[in-house]
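Visitor: below are the sequence and a predicted model for it; my questions follow.
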Amino acid sequence: MINPARTADLWWKNAVIYCLDVETFSDSNGDGHGDLRGLIDRIDYLAELGVTCVWLMPFYPSPERDDGYDITDYFAVDPRLGSLGDVVELVRTARDRGIRVIADLVVNHTSNQHAWFKDARASRDSPYRDWYVWRDEPPPDADKGVVFPDKEKSLWTYDEQAGQYYQHCFYKTEPDLNVANPAVRDEIAKVMGFWLELGLSGFRVDAVPFLLDTKDNPEGSRLPDPHEYLADLRAFLGRRRGDAILLGEVNLPYDDTMAFFGHADGVGDQLTMCFDFVGMQAMYLSLARRDATPLAKALADRPEPPRDGHWGTFVRNHDELTLDKLTDAERAEVFAAFGPDPDMQLYGRGLRRRIPTMLGGDQRRIRLVYSLLFAMPGTPVLFYGEEIGMAEDLRAEGRLAVRTPMQWEPGPNGGFSTADPAKLPGPIPEGRYGPDQVNVAAQRYDPESLLSWIRLLIRRYRECPELAWGEYTVLDAGDDAVLAYRCDIDGGTVLAVHNFGDTETTVTLKLEGVDDPVSLTELLSETPATASDDGRITLALDPYGTRWLRVRH
C-alpha cells in the first residue's frame, strides 16, 4: 500500500485540478459579471464534484484586450471581480473544503497600459526602460513565429513615443518583459511571494518557453542560462512555501519539454508539472481514426519525469484546442472529423470547439474521453463546464468561443444577466442532453447524467493511487481500436482498457509477471471479467466502452 503521508506531501500527484475564469463562473449580484463572491458561493459544488485544486485564470486589473492576460497591476484584483479580501476569503473557504487554489502567473508580458510600460516608453532614461525589450530596428526575422497570425504580422512594433521598436511575442498590446534584467526577475519573485502570502498553493506558469527565450534581446541583455533562472524561481517558491507548485504551459515535443522539469535523473528542480500536449493531440487523432494506436504510441514514448515531478493531463483547455504537434495530414484528419467548418478552426492549428459538439453529442464517446482523462497516468485538469457537457459559442471571437458563462440554471444565460452575445451559451449538442439539460441544476441529482459519470471517475481515480503514482505499461490488446495499459506500485495493479472503435470487441490481455490466477474488481461497471489460470484476462468492450479493473494476484 502507498503511504498516505507521502501522497499528502506530494498532493499534486493525485490532485483533481479545475480551471475556471472568475468572470464567467458565477455571478453573485446580477451585474452580468462573475465575481469572487460568486465563486465562494459555489465552493461546495466543487467539493461535491471532487475537485482538490482550483486554478484561477487571471483576475487582475486589465483593459481586457486579451481576456485578462494583459495585466496592469500584479498586486491587485480587478474591481469588477472583487478585492484582495475576497481572495483571502476564497482561499480560506476552499481550504476548509480540502481544496487548494493556484493562479495564473503571466509574466512573459504586461499590458501596454501597465505603469511600468508607460514609464518605459516615456524616456530612454527611464528606470523602467530596460524592463522591456527594445530595438532601433526589428530583426530580419521579425515576422517569424507570430502566435496570432489573424491579428499580428510581426513580433516587433514601433512605438512613436519611445522612438524604438518593442518586442511582443503575443499581441502588440502586450509588450514583453525583459527577464534578463535582474530587477525584473526580482519583481517576478515579489509577485509570487505576495500571492503565496495570501494563501495560494502555487501557479500555472503561462507560456514558459516564451518567458525564458531572450535570444532576440540586444547583446548584453540575455539570460546566460534560462533553466538556471527557472530553477531559481522553483527554489524561491520552495523557500516561501514548501508544498507549492509550478504547473507549466510548455507546448513542445517530449524531449524538449523534459528540460523544463530540471534534472531528469534526480529530483526535478524547475517546473513541478508540465502539461502533456503531445498525448492530448494524439488522443484526438485516435478519436478521429477510431484507432488507439496514436495515443498508445504517445504514452509509450512519453518520458518519465524526475522524481516528484508529474505530467498534467487534459483533454480541453481554455485556449484553442491546439493540434500543432500533429503533421499537416494528421491535423487535416482531425479537422475533417471534428471541425470541418473553417469558422470552427483557429490560426490554422487548432479548434475552437468543446468536446460534446466535436463528438456530435455521442454520450458514449464523451464518456470515453473523460474516462481517459482520469485513467491516463498524470494529474487530470478539467476546464470549467466540461463536467456538464457545455458547448462552444461560435458567435464569440476566437478563443472566447469556449469561455462562455458556466451554465448553472436552464435558460439562455445560465444564471448570468448579461446580454452580451459573446457571453451567451453556445449551440447545444445533439444527443441525450437538450437545451434545458446542459446545466448543473438538471444534472446534479440525475444518476445517469454526465456530471454523475465524472463524479464517479473522480472518486475512482482518487481511490486508485496506482493511476497517479504507479509505473505504467502499455499492453498489446490484439486490436488496434483498443488502448490497454497497467499501472503498478507497491504490489497494487490497476488495469485501464478503452475501446476507440464503434463496434463491440473482446480482448485478451496477458499481464507479464503474473502466472497464477488473479481476482478482478470492476471499478466502473458491473460487467464481469474473466481471468485464466495463467494470468490472462478476457474483457468484452462495448462500442467506445471503457473498463477499469483492480487486479489482485
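Guide: Yep, that arrived.
Visitor: tell me the phi and psi of residue 183?
Guide: Note on residue 183: backbone dihedrals following degrees, to the nearest 10 are phi -70, psi -40.
Visitor: repeat for residue 485
Guide: Torsion angles, degrees, to the nearest 10, at residue 485: phi -150, psi 160.
Visitor: and the pLDDT for the nearest residue to it once chain neighbours are set aside?
Guide: Nearest non-adjacent residue to residue 485, counting by Cβ to Cβ, 6 or more residues apart in numbering: residue 474, 4.7 Å away. All C-beta spots, glycine's among them, are computed from the backbone N, C-alpha and C. Per-residue confidence at residue 474 stands at 96 (pLDDT).
Visitor: give me the number of residues near residue 474?
Guide: 18 (other Cβ atoms under 10 Å).
Visitor: likewise residue 124?
Guide: 12.
Visitor: ok, it to residue 214 distance?
Guide: 20 Å (Cβ to Cβ, to the nearest Å).
Visitor: what about the residue nearest to residue 485, which helix or strand?
Guide: strand 471-475 (DSSP states H and E).
Visitor: name the residues that touch that strand?
Guide: 296, 299-300, 377, 483-489, 509-512 (Cβ atoms under 8 Å, 6 or more residues apart in numbering).
Visitor: in strands, which of those residues appear?
Guide: 483-489, 509-510 (DSSP state E).
Visitor: would you mind writing the ChimeraX command to select the buried ones in those?
Guide: ChimeraX command restricting the ones in strands among the contacts of strand 471-475 to the buried ones, with burial defined by 16 or more other Cβ atoms under 10 Å:
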select :483,484,485,486,487,488,489,509
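Visitor: among the ones in strands among the contacts of strand 471-475, which one has the lowest pLDDT?
Guide: residue 510 (88).
Visitor: quick one, phi/psi of residue 494?
Guide: Dihedral angles for residue 494 - degrees, to the nearest 10 - are phi -120, psi 130.
Visitor: and for the closest residue to it other than its chain neighbours, the neighbour number?
Guide: With sequence-adjacent residues excluded and distances taken as Cβ to Cβ, 6+ apart, residue 494 is closest to residue 466, at 4.2 Å. Neighbour count of residue 466, defined by other Cβ under 10 Å: 25.
Visitor: name the helix or strand for residue 466, please.
Guide: helix 465-469.
Visitor: which elements pack onto that helix?
Guide: strand 482-489, strand 492-499 (3 or more Cβ pairs under 8 Å, 6 or more residues apart in numbering; DSSP states H and E).
Visitor: one step back: got JSON lines for the ones in strands among the contacts of strand 471-475, with distance to residue 396 too?
Guide: Shown next, in JSON lines, are those (distance: Cβ to Cβ, whole Å):
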{"residue": "483", "distance to residue 396": "34"}
{"residue": "484", "distance to residue 396": "39"}
{"residue": "485", "distance to residue 396": "38"}
{"residue": "486", "distance to residue 396": "42"}
{"residue": "487", "distance to residue 396": "39"}
{"residue": "488", "distance to residue 396": "45"}
{"residue": "489", "distance to residue 396": "44"}
{"residue": "509", "distance to residue 396": "45"}
{"residue": "510", "distance to residue 396": "50"}
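Visitor: any low-confidence regions in the stretch 101-250 of the chain?
Guide: Nowhere does the stretch 101-250 of the chain drop to pLDDT under 70.
Visitor: can you rerun that using 90?
Guide: For the stretch 101-250 of the chain, the stretches with pLDDT under 90 are 150, 215-224.
Visitor: helix/strand/coil for the closest residue to residue 493 other than its chain neighbours?
Guide: Nearest residue to residue 493, sequence neighbours excluded (Cβ to Cβ, 6+ apart): residue 551, at 4.2 Å. Put simply, residue 551 is strand when judged by DSSP: H, G, I helix; E, B strand; the rest coil.
Visitor: in CSV, list the helices and strands packed on helix 465-469 along with distance to residue 173.
Guide: As requested, the helices and strands packed on helix 465-469 are exported to CSV (distance: least, Cβ to Cβ, whole Å):
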stretch, distance to residue 173
strand 482-489, 43
strand 492-499, 43
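Visitor: which among those is found nearest to residue 209?
Guide: Closest to residue 209 of those, according to Cβ to Cβ: strand 482-489, at 29.2 Å.
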